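**Student:** Mind folding the following:
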Amino acid sequence: MEDKIIRSEYSEIMQKSYIDYAMSVIIARALPDIRDGLKPVQRRTLYDMYELGIRYDRPYRKSARIVGDTMGKYHPHGDSSIYDCLVVMAQDFKKLLPLVDGHGNFGTIEGDGAAAMRYTEARLARITQENFLGDLDKDVVDFVPNFDETETEPSVLPVKIPNFLINGSEGIAVGMATSTPPHNLAEVLDAEIAFMQDDTLTTKDLMKYIKGPDFPTGGIVINKDELRQIYETGMGKIKVRGRVTTEAGKNGHINLIVTEIPYTMIGMGIGKFLSDVAALSENKVTNDIIDISNQSSKEGIRIVIELKKDTDVENFTNLLYKKTKLEDTFGVNMLAIDQGRPETMNLQQIMKACVDFQFETARRKYTTLLKKEQDKKEIQEGLIKACNVIDLVIEILRGSKDRAMAKECLVHGTTTGIKFKSRESEVMAAQLMFTDAQADAILEMRLYKLIGLELEALVKEHEETVANIYRYEDILEDRESMSMVIQNELTEIRRQYQSKRKTEIDNCAEAVYEEKAAEEIDVAFIMDRFGYAKTIDAGTYDKNLETIRNEFRFSFLCKNTGKICIFTDDGQLHTIRVQDLPQEKMRDKGIPIDNVSNYDSAKEEIIMALSQSDLNLYRLMFVTRQAMMKVVDGGEFDVAKRTVAATKLMDDDVVVSVSVLHEQKTIVLQTEEGFFLRFKTEDIPEKKKAAIGVRGMRLGKKDTIRDVYYLEEEQQKAVEYNGKPLELSHLKISNRDTKGTKIRV
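**Tutor:** This is a model prediction of the structure:
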């Protein structure tokens, strides 16, 4: 058979492949199923623990055993994803209702990771075993082949509670993500029961029961009025604050205690919060902090911030809300797999999907139970009937040559070949009409079953079986009866596992921090040639003026409440608040100027730095490599933005000089090829900062400006050129935009 070449557009193949990949990630990896609220890896891990018999009332088993077995049978995507899933399901600070009972180091709320899987142990939590996996033996869900078709696994777990809401879910798929907050179990079950009683309830009605999210870390939801819109659309932003209290500290100080944190701060967020609070003090945003310590333990969160005696605690708390993650936003997108498709669902749709699933699993469960009871009834009736004619049965058994002959007689009344004691017995045997199952039960019945008490127990058991059949038929035929059974189960689950709400729901005013006006004093800004900057005391600056000017690239006096302006070679102006710079001693290193501004030392070079308050007093001269020049009024650079364009540049041009004009009468331009041009500064027109300027010197084809010098009237100034001094004041004054003089020394 000849090979057949199929031609296809590459773009079509890529599109189909990407769509297949995306759907695989969405359906089989990243998003939870609305019915059980579990992602595939969670479902498979729990089912594997169930299969291994790792129940809540049995000893713990090594996590490595669970992970290895799950990966080998059901989830071949790597051990790390399975173990991470197992760890999260055991963490009570991430899951409002932990599904796994972990033993050992399963990580901390502060971001410490769990110990390796070979050191930790786990078993199913009781609620998981009873209410997530308990009915798997009753054919309540479909089983599908695993990845290599050597095992079967449940397509969904028969979860009896709306786990999607109770434990929430987070996951990132391709082009979509889910983020559902956890909710209080008692509230969710109350809402589900109410919805069963009246399926016309709207999201607004359901929110009478579900007040809002209930995070394991507590905190305060501060936008209560916005929750209805969030639950009606399935999307929105929930604002959460940590909870703070105050205590009397030592020496009359005030201790601000953080006892609950936003859910988003779990993990490294606590360390980030501590560093952010410390930065508020280091950057002089507040002077109220004396000390900060993290005293959190297994008992709960306790972060202590020691404040000065006269601190305005409310104002300081608002500062924490504004400047740190103590107030944060939880983005809600209640996205789940519903009937095989990813859907963003509102609260009513979620509740309906969960209730429909409850009825479906209940229907399958009681159908299975009814079939078992009917089979049991058949056997019981056969045994009771056999006991009533036990002498005849024994006679048939003794007269038969083999089991098949005896069974044929019991089922069809065939007496051929059987030896009876009398013709009457043979006639009676021919009238026996047991079923196959009844005949097998009779043939396997033990003699002790003929004891009187055993017969009474059999009759009583038969009565119970009949009652169960009647009950199961009623449940299956009457939706109200089934609803009551489910509601009773939910009520019992609520009684066993309910807990007090941890998160407060309220409407809170926006945090407003009134920044204390700093006392205005003179300081000195100094920056070395490596870009490290700081401020020092004005007195220290005056005493060490000569040393500072020799060792530092830029230095000048300014106000501590002012700003520093930095002009760079790419024509940008970066402003820095003086308060953002550390005030240090003379020999301290300072901090990189990059850290407190938008300046990037890897892409641009600083040409000039000066105090913004001085700009209104001066005019600035700009000179570029291609000899474009202009004068700009300093007031144009008194801007609020951190970065603005200081000048417009032509392609491949950069700024080589920015200078303050005082009494300079002439300017000298020096090129790379040794041309010097001296002309009057008044020849350069004043322009706006957005202008390119005018040409100051006519350059050769490959020549560029190298240096710029300024001379006051009758000033003598010499520079070194080719190893010899060159007196600039001896250069004749020419016109702007001329070639200048070639100096040969």
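**Student:** show me where the stretch 101-250 of the chain has helices.
**Tutor:** 126-131, 163-166, 185-197, 203-206, 227-233 (DSSP state H, counting those that start in this stretch).
**Student:** Can you list the neighbours in contact with the longest one?
**Tutor:** To tie it back to what came earlier, the one meant is helix 185-197. Residues outside helix 185-197 that contact it (Cβ atoms under 8 Å, 6 or more residues apart in numbering) are 96-97, 161-162, 165-166, 201, 205-206, 209-211, 214, 351-352, 354-355, 358, 483, 486-487, 490-491, 493-494, 497-499, 501. For the C-beta atoms, the positions are set from N, CA and C on the backbone; glycine is no exception.
**Student:** Return, as residue ranges, the portions of this structure with sub-threshold pLDDT.
**Tutor:** Applying pLDDT under 70 to the chain flags residues 1-2, 10, 12-13, 15-29, 173-175, 449-450, 452-453, 515-518, 745.
**Student:** tell me the domain ranges of it?
**Tutor:** 38-158, 243-325, 357-496, 517-608, 616-634+652-745 (automatic domain parsing).
**Student:** Any chance of these in a markdown table with distance to residue 345 and mean neighbour count as columns?
**Tutor:** Compiled in a markdown table, the domains of the chain are given as follows (distance: least, Cβ to Cβ, whole Å; neighbours: other Cβ atoms under 10 Å):
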| stretch | distance to residue 345 | mean neighbour count |
| --- | --- | --- |
| domain 38-158 | 16 | 18 |
| domain 243-325 | 21 | 17 |
| domain 357-496 | 13 | 16 |
| domain 517-608 | 43 | 17 |
| domain 616-634+652-745 | 52 | 16 |
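**Student:** Mind checking these for the one nearest to residue 505?
**Tutor:** domain 243-325 (13.0 Å; Cβ to Cβ).
**Student:** And the helices in the stretch 601-745 of the chain?
**Tutor:** Under DSSP H, counting those that start in this stretch, the stretch 601-745 of the chain gives helices at 612-615.
**Student:** ok, which stretches of it are strands?
**Tutor:** Counting by DSSP state E, counting those that start in this stretch, the stretch 601-745 of the chain has strands at residues 606-611, 619-624, 628-633, 643-645, 655-661, 664-671, 675-680, 694-695, 705-712, 718-721, 724-727, 741-742.
**Student:** can you list those in CSV and add distance to residue 57?
**Tutor:** Putting the strands of the stretch 601-745 of the chain into CSV (distance: least, Cβ to Cβ, whole Å) gives the following:
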stretch, distance to residue 57
strand 606-611, 71
strand 619-624, 81
strand 628-633, 82
strand 643-645, 65
strand 655-661, 77
strand 664-671, 90
strand 675-680, 94
strand 694-695, 90
strand 705-712, 86
strand 718-721, 91
strand 724-727, 96
strand 741-742, 99
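**Student:** Minimum distance to residue 295: which of the ones you listed has it?
**Tutor:** Among those, strand 643-645 sits nearest to residue 295 (Cβ to Cβ), with 41.4 Å.
**Student:** and the closest one, what other elements does it pack with?
**Tutor:** strand 572-577 (3 or more Cβ pairs under 8 Å, 6 or more residues apart in numbering; DSSP states H and E).
**Student:** Contacts for the strand it packs on, please.
**Tutor:** The contact list for strand 572-577, computed with Cβ under 8 Å, 6+ apart, reads 563-568, 593, 596-599, 604, 612, 637, 639, 641-646.
**Student:** Save the domains of the chain as TSV, and put in distance to residue 226 too.
**Tutor:** Output for these, formatted as TSV (distance: least, Cβ to Cβ, whole Å):
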stretch	distance to residue 226
domain 38-158	22
domain 243-325	16
domain 357-496	28
domain 517-608	34
domain 616-634+652-745	43
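**Student:** shouldn't residue 499 be in contact with residue 183?
**Tutor:** No: with contact defined as Cβ atoms under 8 Å, residue 499 does not count as touching residue 183 (11.7 Å).
**Student:** Same drill for these two, tell me which one is more crowded.
**Tutor:** Neighbours were counted for residue 499 and for residue 183 using other Cβ atoms under 10 Å; residue 183 has more, 26 against 11.
**Student:** And the residue nearest to the more buried one when sequence neighbours are not counted, how close does it get to residue 54?
**Tutor:** Closest residue to residue 183 apart from its sequence neighbours, by Cβ to Cβ, 6 or more residues apart in numbering: residue 165 at 4.7 Å. Distance from residue 165 to residue 54, counting by Cβ to Cβ, to the nearest Å: 27 Å.
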